[in-house]
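In: sequence plus the predicted model coming up.
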Amino acid sequence: MTESVVTRFAPSPTGFLHIGGARTALFNWLYARGRGGKMLLRIEDTDRERSTQAAIDAIFAGLTWLGIAWDGEAVHQFSRSARHREIAEQLLAAGKAYRCYASPEELTQMREAARREGRAKLYDGRWRDRDPSEAPPGVKPVIRFKAPLSGETVIDDEVQGRVTWQNENLDDLVLLRSDGTPTYMLAVVVDDHDMAVTHIIRGDDHLTNAARQMQIYDALGWRVPVMAHIPLIHGPDGSKLSKRHGALGVDAYRAMGYLPAAMRNYLVRLGWAHGDQEIFSTEEMIAAFDLAAIGRSPARFDFAKLESLNGHYIRHSGDAELMAEIERLLPHVAGGAELAAKLTPELRQRFLAAMSSLKERAKTLVDLIVGAGFLFASRPLALDEKAQAVMTPEARALLADLLPELEAVEPWTADAAEQTVRAFAERAGVKLGAVAQPLRAALTGRVTSPGIFEVLAVLGKSESMARLRDQAQPAAV
RNA sequence: GCGCCCUUCGUCUAUCGGUUAGGACAUCACCCUUUCAAGGUGGAAAGACGGGUUCGAUUCCCGUAGGGCGCGCCA
């Protein structure tokens, strides 16, 4: 009988859900989904000082936006502290843990001395075998784990391979603080066990912790889950990912106009590959994802590749779908509210009509919104610097000559406009570009835009003609 | 300081002892073209260094250098 897979994502709610956490969540989710298993969510909020509800909400929102759904209710670690205490007491009763009365000052001295003398253990185990009757009065003890003194601790990690520590280098960690609350090291082990987690997939900043947790599992006689410690994501310069580099909350990526599907695709390829395949639908990545294929070296975050991928997903999205995404995004971007207010049914219709050509040139949803700016502009248009440069007296004269011909176009379609303009350019003896650029400048106020005949069609005849009349000026004779 | 991990084009990566070291992003050139994109074609671009093992090493081993992580009554 094969046991079903249970993974978990266990963030501490001390800040937003950042990009590395998002990837860890994605890996857990993909692994579980690919095997008919479950991914649990556990909020590691045992640090009451630093945990906030805002951070918890940000984690839920971020995962939801990314399309990563956890199974069941999120577990709040703090609510399980009685159980953690119970296990600590159990270890104490079994002689596998002990009370330690060392003061903070003593601890500091020990650490300094150990460092000075090149010793690995920072705590010297002074209360390990001491009789409790020697306890100083009035001091509340912590409970420390009685770690093995010799031998080795081995982890067979799915990503890191076999990693070995000499036990003489691992000291006695605190399980229960003097105020009776559990430490992370105890809580993870107990929770992963109680939640029946079969696979622990997390950042390799936890690799050393894994050795110590392994010792706790052993002391408890519990089965150790499969471990997979994935390399961290670094900044473009190889150093730790900082805010400047992209260690932003996933909500920031949403605000920049990235699509969840593009984010997932980018993230899954960071540290993991499946031959030469670059583009993965959700179904494909679920089917192909495998722990064994995860690399062991850290990957650097690259905005350019994310953007390129996002452009790909935008081009391959339906127009209506993009319109919906944009409307969802508007409240989250600067100036979005004003834009939303301007979005009358008629303008929305124009935006939608322009979408197929807009999306060819956009890398983000924000690009789409910016690109559609000409639709929202009010007359007379303010021409930007480059557009003004295009609008020479000759160009204005050309527009003046073109005006009556466009006036006659009926019905008003991109094709009809194109025929008229091409014929006009030919007769005038100028290149199409000589007409198209002034048209673009007059109609959009810019020097880049979707195809000019598209623009004409999307804007409609009356608005187009009006904008052209604003800029046209017959040549002085 | 102690422990653990990592090292292929600028970046993400493929290769599981024998390859003209492949793909993608970025970059350059050309094509297409009303602009910008997109698309097409082509180019430049890599095994950190030093030792082994082997008929043969990017691939296996050791060392060096560089980088990362951990070493809390944080998680």
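Out: Noted; the coordinates are in hand. Numbering: from 1, shown residues only, chains lettered A, B, ... in the order given.
In: hey, let's count contacts and neighbours off CA atoms from now on
Out: Noted.
In: quick check: the gap between whatever residue of the stretch 151-300 of chain A ends up closest to RNA strand B and A:Arg264.
Out: Per Cα to the nearest atom of the strand, A:Gly271 is where the stretch 151-300 of chain A lies closest to RNA strand B, at 2.5 Å. Separation of A:Gly271 from A:Arg264 (Cα to Cα, to the nearest Å) stands at 13 Å.
In: likewise for A:Ala58?
Out: 18 Å.
In: next: A:Ile230.
Out: Taking Cα to Cα, one finds A:Ile230 at 16 Å from A:Arg264.
In: tell me which of the two has more neighbours.
Out: Using other Cα atoms under 10 Å as the criterion, A:Ile230 and A:Arg264 rank with A:Ile230 on top: 28 against 22.
In: how about the strands in chain A?
Out: Secondary structure of chain A (DSSP state E): strands located at A:6-9, A:38-43, A:75-76, A:97-100, A:142-145, A:152-157, A:161-166, A:174-176, A:199-203, A:226-230, A:233-234, A:299-300.
In: pick the most buried one from these.
Out: Using mean count of other Cα atoms under 10 Å, the stretch among those with the largest mean neighbour count is strand A:6-9, at a mean of 27.
In: which elements pack onto it?
Out: Where contact means 3 or more Cα pairs under 8 Å, 6 or more residues apart in numbering; DSSP states H and E, strand A:6-9 is packed against helix A:19-33, strand A:38-43, strand A:199-203.
In: just the residues contacting it, thanks.
Out: Residues outside strand A:6-9 that contact it (Cα atoms under 8 Å, 6 or more residues apart in numbering): A:24-25, A:28-29, A:31-32, A:37-42, A:196-202.
In: do the same with stretch A:423-432
Out: A:402, A:421-422, A:435.
In: which one among the residues you listed gets closest to RNA strand B?
Out: Nearest member of the contacts of stretch A:423-432 to RNA strand B, counting by Cα to the nearest atom of the strand, is A:Val435, at 7.5 Å.
In: do you know how far that closest one is from A:Thr24?
Out: Distance, A:Val435 to A:Thr24, by Cα to Cα: 54 Å.
In: neighbour-wise, which of the two wins?
Out: More neighbours surround A:Thr24 than the other of A:Val435 and A:Thr24, with 24 against 20 (other Cα under 10 Å).
In: is it correct that that one is in contact with A:Gly203?
Out: Yes. A:Thr24 lies in contact with A:Gly203 (Cα atoms under 8 Å); the separation is 6.9 Å.
In: anything in contact with each of the two?
Out: Going by Cα under 8 Å, 6+ apart, residues that sit against A:Thr24 and also against A:Gly203 are A:Ile230.
In: what residues does the stretch 1-150 of chain A put near RNA strand B?
Out: Neighbours of RNA strand B within the stretch 1-150 of chain A, by Cα under 7 Å from any atom of the strand: A:11-12, A:44-47, A:101-104, A:111, A:115-123, A:140-142.
In: touching RNA strand B at all, stretch A:307-324?
Out: Yes. For stretch A:307-324 and RNA strand B, the contact criterion (Cα under 7 Å from any atom of the strand) is met by A:308-309, A:312.
In: narrow these to those in helices?
Out: Secondary structure assignment by DSSP state H places A:308-309, A:312 of these in helices.
In: picking up where we left off before, looking at the helices and strands packed on strand A:6-9, which is closest to A:Ala416?
Out: helix A:19-33 (49.0 Å; Cα to Cα).
In: by contact count, what packs against that closest one?
Out: By 3+ Cα pairs under 8 Å, 6+ apart, helix A:19-33 packs against strand A:6-9, strand A:38-43, helix A:53-66, strand A:199-203, helix A:260-268, helix A:282-288.
In: and the helix-or-strand element of chain A with minimal mean pLDDT, how far from the chain's centre?
Out: The weakest-scoring helix or strand in chain A, judged by mean pLDDT, DSSP states H and E, is helix A:104-116 (a mean of 86). Helix A:104-116 has its C-alpha centroid displaced from the chain centroid by 40 Å (Cα atoms, centre = their mean, to the nearest Å).
In: near RNA strand B, which residues of the stretch 251-400 of chain A show up?
Out: Within the stretch 251-400 of chain A, the positions near RNA strand B by Cα under 7 Å from any atom of the strand are A:269-278, A:293-302, A:304-306, A:308-309, A:312, A:360-362.
In: buried ones among these?
Out: The neighbour-count criterion (16 or more other Cα atoms under 10 Å) marks A:269-273, A:294-296, A:298-301, A:306, A:308-309, A:312, A:361-362 among these as buried.
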